[in-house]
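Chemist: let me see the structure of the following:
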Amino acid sequence: MKYEQLAKDIIQNVGGKENVNSVVHCITRLRFKLKDEGKANTEVLKNMDGVVTVMKSGGQYQVVIGNHVPDVYKAVTTVGGFQAQGAVDEEEEDGKNQGAFNKFIDIISGIFTPVLGVLAASGMIKGFNALFLALGWLSDKSGTYQILNAVGDALFYFFPIFLGFTASKKFKGNQFIGMAIGAALVYPTLSGLTQGDPLYTLFEGTMFQSPVHITFLGIPVILMSYASSVIPIILAAYVGAKVEKWLAKVIPDVVKTFLVPFFTLLVVVPLTFIVIGPIATWAGQLIGQVTLWLINLSPVIAGLFLGALWQVFVIFGLHWGLVPIAINNMMVMGEDPILAIIFAASFAQTGAVLGVWLKTKDKKLKSLSIPAFISGLFGVTEPAIYGITLPKKKPFIISCIAAAVGGAIAAIFNSKNYILGGLGIFGFPNFISPKEGITMGLWGAVIAVIVAFILGFVLTYLFGLGKETTTEPSAPEKKKADQNPAGATGKKEVIASPFNGEVKPLAEIKDAAFASGALGKGVAIEPSEGKLFSPVSGTVSALFPTNHAIGITTDDGAEILIHIGMDTVQLEGKHFSAHTTQGVRVEKGQLLIEFNIAGIKAAGYPVTTPVVVTNHTQYEIVPGCENAVKVGDILLEVKAKSNSVAV
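Modeler: Okay, here's the model as predicted:
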């Protein structure tokens, strides 16, 4: 086999056959489920010939290969004897093979990610409303203020209903049962039952002392305020999914549709009010107090630590261990110091990008820096991290140092977030106290941001790039180029746009392998229509079985990879249909794949699509257009280098 030795080396460095639970592949990478990722030699794999890089995501150990991954996969399965693993249920394996922490991170991210956008939007409305009130622009008695407050506060008040939906979906339960449980927790009538004298008091004389106003079948019920709560509904949804699954096994199919939710709600809702809710509420309050105690123990150290490492946490997905704590703090105590401390990190990153932008002589890096800088001001730093600072290493380290200083300043000023609102420059209203208005905490956040931004910029400009080799040709080279028109050093090819849509820099893709250019050079497109047309005339060199990605080799040897969306291999072909097959010849403008944009997005996957030349080292590649693009427009121009032979 052509890739037998590579397969042996890969298996050896992922920890051997005995460390592999399963292996599948997508269009560019091998996706291993390992028993112990600690046994894998990641650095050895990254530096191995035939391996582009290694990524870890969602409990998968991903070895990025490139277009020829199907051939490598065949070799790996043959050498390792993994064929029988191909039919393993991946979601079931996730639960078995992920470590406890990875499993926790996966659960939390799955519950909160779907609502973060609307959560931030609601927070922004609350924040600006508080700002208008503090500045005297609105009165809290005015109708404008009241309506804006209702818009901003509704999601937070009824948060258990929304989390009931997402948590039940994550735990594979009926989402509407989860919503019904959440709605019961915030049912308005129950809050009125706490008025008047209690029947008696439970746990009197302890920190858990609780008055009892009602009973359920003679069992005392501790009524608590579950509006804006987080932990109770998540635990209730988990229990509900388990009860529902058991009931579905024992109840006959003919009456299952209504009897399963009937008995699930009858069991889980009272159980939540009697046991789950009170215990979860006390746990949430304890988490909040412990968090504040740790940060108050040494604010400067806490600020330095969280500020310096926050961007690292984000890269590896570890921030999901802290985000739910921050959300819980705001819901339980009305304030949170964690998100306040890390607020300056995005500005430190943006300052570093500005330093790169102004200092670099590399035209491509300079062009990438502009959109990364702009998006960074609004709190979106992925293009900056994956496209600029992380590949350059020093700017990323400098941004972490600047973020640490900003975090320490915010901690010293006792800055706190009172809402989960906007990012970047829209995040300042988050620091306005609903009780005290504008305090020193807000000014501390402003100072932290300014210092982190300036520090990131100055240090990067002075020390972040070192000596650069300019991409400008020398005078003799310019003269030679003038004497040799296009085509003298290699034939120029035009790659047309395969979509109608909007062109974006490759660095904006939320996938490090694509964003860094490791899988090829090119651009990304946000399609506006679910049709992919051939950008060139050539041969379909790869068509993945799920039809989400296609490779085409042009008549002159350029290898084009088009990958519709990110991680869309997980859809297993749903929403995709192909109009071609692997190995056939296609002509420029021919319809190749149709896909349902709305369905893909509804499933939680972006449709931003990289269009890259994978054998880019053999070519000079120049983008042909920006912004809006139509099918057939010039997307890229590639020209073979004089010392390269297209294969």
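Chemist: what pairs with the helix or strand that contains Ala524, parallel or antiparallel?
Modeler: Element membership of Ala524, judged by DSSP states H and E, is strand 521-527. Here strand 521-527 has these sheet partners by DSSP bridges: strand 501-504 (antiparallel), strand 609-613 (antiparallel).
Chemist: want to throw the ones you listed into JSON lines with mean pLDDT and mean neighbour count?
Modeler: All C-beta atoms are positioned from the backbone trio N, CA, C, and that covers glycine. Converted to JSON lines, those look like this (pLDDT from 0 to 100; neighbours: other Cβ atoms under 10 Å):
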{"stretch": "strand 501-504", "mean pLDDT": "90", "mean neighbour count": "19"}
{"stretch": "strand 609-613", "mean pLDDT": "93", "mean neighbour count": "24"}
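Chemist: I'd like the ones you listed laid out as CSV, including distance to Thr166.
Modeler: Listed next are these as CSV, based on distance: least, Cβ to Cβ, whole Å:
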stretch, distance to Thr166
strand 501-504, 28
strand 609-613, 27
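Chemist: looking at the ones you listed, which is closest to Gln349?
Modeler: strand 501-504 (18.9 Å; Cβ to Cβ).
Chemist: now the helix or strand that that closest one is followed by - C-alpha only, PDB.
Modeler: Going down the chain from strand 501-504, the next helix or strand is helix 512-515, by DSSP H and E. C-alpha atoms of helix 512-515 as PDB (Å, rounded to 0.1, in the frame of the first residue of the first chain):
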ATOM      1  CA  ALA A 512      -7.800  26.400  12.800                       C
ATOM      2  CA  ALA A 513      -6.600  24.000  10.000                       C
ATOM      3  CA  PHE A 514      -8.400  26.000   7.300                       C
ATOM      4  CA  ALA A 515      -8.000  29.500   8.800                       C
END
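Chemist: let me see the mean pLDDT of helix 512-515.
Modeler: Per-region confidence: helix 512-515 scores 80 on mean pLDDT.
Chemist: what's that helix packed up against?
Modeler: The elements that helix 512-515 packs onto, with contact taken as 3 or more Cβ pairs under 8 Å, 6 or more residues apart in numbering; DSSP states H and E, are strand 53-57.
Chemist: helices or strands up against the strand it packs on?
Modeler: helix 42-46, strand 60-64, helix 512-515.
Chemist: contacts for the second one?
Modeler: Defining contact as Cβ atoms under 8 Å, 6 or more residues apart in numbering, one finds that strand 60-64 is touched by 10, 14, 28-34, 37, 40, 45, 51-56, 513, 518-519.
Chemist: what angle separates it from strand 53-57?
Modeler: 160 degrees (axes from the mean of the first three to the mean of the last three Cα atoms, to 10 degrees).
Chemist: pull out the buried positions in the helix or strand just after strand 60-64.
Modeler: Next helix or strand after strand 60-64 toward the C-terminus (DSSP H and E): helix 69-80. Residues 69-77, 79-80 are the ones in helix 69-80 that count as buried (16 or more other Cβ atoms under 10 Å).
Chemist: what is the mean pLDDT for helix 69-80?
Modeler: According to the model, helix 69-80 has a mean pLDDT of 86.
Chemist: how's this structure carved up into domains?
Modeler: As recorded under automatic domain parsing, the domains making up the chain are 4-98, 158-292, 298-464, 485-640.
Chemist: please work out which of those is packed deepest.
Modeler: domain 298-464 (a mean of 22; mean count of other Cβ atoms under 10 Å).
Chemist: need the distance between the two termini of that domain.
Modeler: Domain 298-464 has an end-to-end distance of 31 Å (Cα to Cα, to the nearest Å).
Chemist: picking up where we left off before, can I get the buried residues of helix 69-80 in CSV with distance to Leu193?
Modeler: Converted to CSV, those look like this (distance: Cβ to Cβ, whole Å):
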residue, distance to Leu193
Val69, 61
Pro70, 63
Asp71, 68
Val72, 65
Tyr73, 61
Lys74, 66
Ala75, 67
Val76, 62
Thr77, 62
Val79, 67
Gly80, 62
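Chemist: may I have the strand holding Ala524 as CSV, with CA atoms only?
Modeler: Output of strand 521-527 as CSV, limited to C-alpha atoms (Å, rounded to 0.1, in the frame of the first residue of the first chain):
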residue,chain,number,x,y,z
LYS,A,521,-4.5,28.8,0.2
GLY,A,522,-7.6,30.6,-1.1
VAL,A,523,-10.7,32.4,0.3
ALA,A,524,-14.0,31.6,2.0
ILE,A,525,-17.5,32.3,0.7
GLU,A,526,-20.8,32.7,2.6
PRO,A,527,-23.2,31.2,0.1
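Chemist: now it: how far from the chain's centre is it?
Modeler: With Cα atoms, centre = their mean, to the nearest Å as the basis, strand 521-527 stands 19 Å off its chain's centre.
Chemist: is it true that Ala549 touches Gly565?
Modeler: No - here Ala549 does not reach Gly565: they are 9.1 Å apart, not a contact under Cβ atoms under 8 Å.
Chemist: in the stretch 101-250 of the chain, which spans are strands?
Modeler: Taking DSSP state E, counting those that start in this stretch as the criterion, the stretch 101-250 of the chain carries its strands at 200-202, 210-212, 214-216, 219-221.
Chemist: could these go into TSV alongside mean pLDDT and distance to Lys256?
Modeler: Compiled in TSV, these are given as follows (pLDDT from 0 to 100; distance: least, Cβ to Cβ, whole Å):
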stretch	mean pLDDT	distance to Lys256
strand 200-202	87	38
strand 210-212	87	37
strand 214-216	91	27
strand 219-221	92	29
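Chemist: which of those strands sits closest to Glu244?
Modeler: With Cβ to Cβ as the criterion, Glu244 lies closest to strand 214-216 of the strands of the stretch 101-250 of the chain, at 20.8 Å.
Chemist: direction included, what does that closest one pair up with?
Modeler: Counting by DSSP bridges, strand 214-216 is paired with strand 219-221 (antiparallel).
Chemist: what about Ala248, distance to Lys242?
Modeler: 11 Å (Cβ to Cβ, to the nearest Å).
Chemist: that should have said Thr609, apologies.
Modeler: Separation of Thr609 from Lys242 (Cβ to Cβ) stands at 39 Å.
Chemist: for the domains of the chain, which one sits closest to Lys126?
Modeler: Taking the domains of the chain one by one with Cβ to Cβ, domain 298-464 is closest: 5.0 Å.
Chemist: counting by contacts, list what the helix or strand harbouring Val268 packs against.
Modeler: Element membership for Val268 (DSSP H and E) is helix 253-271. Under the contact criterion of 3+ Cβ pairs under 8 Å, 6+ apart, helix 253-271 touches helix 175-185, helix 231-250.
Chemist: can you lay out the ones you listed as a markdown table showing distance to Ala524 and mean pLDDT?
Modeler: Below are those laid out as a markdown table (distance: least, Cβ to Cβ, whole Å; pLDDT from 0 to 100):
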| stretch | distance to Ala524 | mean pLDDT |
| --- | --- | --- |
| helix 175-185 | 32 | 95 |
| helix 231-250 | 35 | 93 |
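Chemist: export those helices to a markdown table and tack on distance to Pro299?
Modeler: Formatted as a markdown table, the helices and strands packed on helix 253-271 follow (distance: least, Cβ to Cβ, whole Å):
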| stretch | distance to Pro299 |
| --- | --- |
| helix 175-185 | 35 |
| helix 231-250 | 26 |
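Chemist: figure out which of those is closest to Thr144.
Modeler: Closest to Thr144 of the helices and strands packed on helix 253-271, according to Cβ to Cβ: helix 175-185, at 28.9 Å.
Chemist: still on that earlier bit, could the strands of the stretch 101-250 of the chain be laid out in TSV, adding distance to Ile276?
Modeler: Listed next are the strands of the stretch 101-250 of the chain as TSV, based on distance: least, Cβ to Cβ, whole Å:
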stretch	distance to Ile276
strand 200-202	16
strand 210-212	15
strand 214-216	13
strand 219-221	12
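Chemist: thank you, goodbye.
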